[in-house]
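Q: what's the 3D shape of this:
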Amino acid sequence: MLNEKTPLPKFMTVGEVADFMRVSSMTVYRLIKAGDLRAARVGKSYRIREEDINAFLASRYNQTG
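A: As a prediction, the model looks like this:
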């Protein structure tokens, strides 16, 4: 149960995630379908937690040099 001090997670739409990652919406749908990006189904659309986007990007990060 959430208490008043626990902040709610921020959810983003597929379009917002695509804009943030600078990819197409179809790419985001493919990542969700492949299981690479966690998402919650709400009706006929998806919502993605900000933490899940950050975790996905961090797992794909390559440090060079």
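
Q: from now on I want contacts and neighbour counts done on CA atoms only, so please keep to that.
A: Fine.

Q: helices of the chain, residue ranges please.
A: Assigned helices in the chain, in chain order: 14-21, 25-34, 50-59 (criterion: DSSP state H).

Q: next, format the ones you listed as a markdown table and append distance to Arg41 and mean pLDDT.
A: Formatted as a markdown table, those follow (distance: least, CA to CA, whole Å; pLDDT from 0 to 100):
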| stretch | distance to Arg41 | mean pLDDT |
| --- | --- | --- |
| helix 14-21 | 11 | 96 |
| helix 25-34 | 10 | 98 |
| helix 50-59 | 14 | 94 |
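
Q: need the ones you listed in CSV (columns: distance to Lys5 and mean neighbour count).
A: Listed next are those as CSV, based on distance: least, CA to CA, whole Å; neighbours: other CA atoms under 10 Å:
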stretch, distance to Lys5, mean neighbour count
helix 14-21, 27, 16
helix 25-34, 31, 14
helix 50-59, 18, 13
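
Q: make sure Gly15 is actually in contact with Thr27.
A: No: using CA atoms under 8 Å, Gly15 makes no contact with Thr27, being 10.5 Å away.

Q: give the residues shared as contacts by these two.
A: Applying CA atoms under 8 Å, 6 or more residues apart in numbering, one finds that no residue jointly contacts Gly15 and Thr27.

Q: what residues are up against Ser45?
A: Contact partners of Ser45, counting by CA under 8 Å, 6+ apart, are Thr13.

Q: mind checking how far it is from Ala58?
A: Relative to Ala58, Ser45 is positioned 25 Å away (criterion: CA to CA, to the nearest Å).

Q: next: Arg41.
A: According to CA to CA, Arg41 and Ala58 sit 23 Å apart.

Q: Gly35: neighbour count?
A: Number of residues near Gly35 (other CA atoms under 10 Å) recorded here: 10.

Q: what's the pLDDT at it?
A: Per-residue confidence (pLDDT) for Gly35: 96.

Q: and it, what does it touch?
A: So Gly35 contacts nothing (CA under 8 Å, 6+ apart).

Q: just checking: what are the partner strands of the longest strand anywhere in the chain?
A: For the chain, the strand with the greatest residue count under DSSP state E is strand 45-49. Partners of strand 45-49 in the sheet, by DSSP bridges, are strand 11-13 (antiparallel), strand 40-42 (antiparallel).
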